[in-house]
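quick one: sequence plus predicted model below, questions after.
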Amino acid sequence: MTQGDDNTDKMADALRKAGVRVTKQRIALLSVLSAAEDHPDAEELLRRTKAVEPGVSLATVYRTLSVLEAEGVVQRHSFEGGGARFETANTPHHDHIVDLDTGEVFEFNSEKIERLQEEIAAELGYEVVHHRMELYCRKRKK
């Protein structure tokens, strides 16, 4: 079984747990979401899913994403200047760079930044439980 198949199964189980029927349209959506290497919005997920399962509707996409988010298997990101984007919740911790000109979102991880955040929290008497970092950037002119 591949990682994508495992993700699809976990999401299907989450839908069943929430009492939502797992239809062929939803399975197609789950497969598309599992395979996504970017952070698609609902419209993009609909477009990709319709390529494999034409009968899927935008309402099905929104309802499914809402349930998956509530079940903790999908993360919703609301980056400035755009609508909600989604990714599976099984990925290791990472932060994001949002390209202000193209809207592209890139994942990155920096041990230096992670250590610095821990140090700052400790200096102030805290322990980091969770954090999210989003950098809004433009490509440097050469």
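Looks like it arrived, so ask away.

helix, strand or coil for the spatially most central residue of the chain?
For the chain, the residue nearest the mean C-alpha position is residue 87 (1.6 Å; Cα atoms, centre = their mean). Classification of residue 87 by DSSP: H, G, I helix; E, B strand; the rest coil places it in strand.

distance check, it against residue 65.
Per Cβ to Cβ, to the nearest Å, residue 87 is found 11 Å from residue 65. To be clear about C-beta, it is placed using only N, CA and C from the backbone, and glycine gets the same treatment.

shared neighbours of those two, anything?
Counting by Cβ atoms under 8 Å, 6 or more residues apart in numbering, the residues touching both residue 87 and residue 65 are residue 74.

what residues are bridge-paired with the residue nearest to the centre of the chain?
Note on residue 87: beta-bridge partners by DSSP bridges are residue 75.

residues touching it, list them.
Contacts for residue 87 were tallied using Cβ under 8 Å, 6+ apart; they are 36, 39, 74-75, 77.

run through who's touching the longest helix along the chain.
Longest helix in the chain by number of residues (criterion: DSSP state H): helix 3-17. The contact list for helix 3-17, computed with Cβ under 8 Å, 6+ apart, reads 1, 21-22, 26-27, 30-31, 33-35, 64, 67-68, 71-74, 88, 90.

what are the boundaries of the strands in the protein?
Using DSSP state E, the strands found in the chain span residues 74-78, 84-88, 95-99, 105-108, 134-137.

residue 48: which of these is closest?
strand 84-88 (11.8 Å; Cβ to Cβ).

for that closest one, which positions count as buried?
Residues 85-88 are the ones in strand 84-88 that count as buried (16 or more other Cβ atoms under 10 Å).

what's the domain layout of this structure?
Residue ranges for the domains of the chain, per automatic domain parsing: 3-88, 95-137.

how about TSV for the ones you listed, with mean pLDDT added?
Shown next, in TSV, are the domains of the chain (pLDDT from 0 to 100):
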stretch	mean pLDDT
domain 3-88	89
domain 95-137	90
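
sounds good, over and out.
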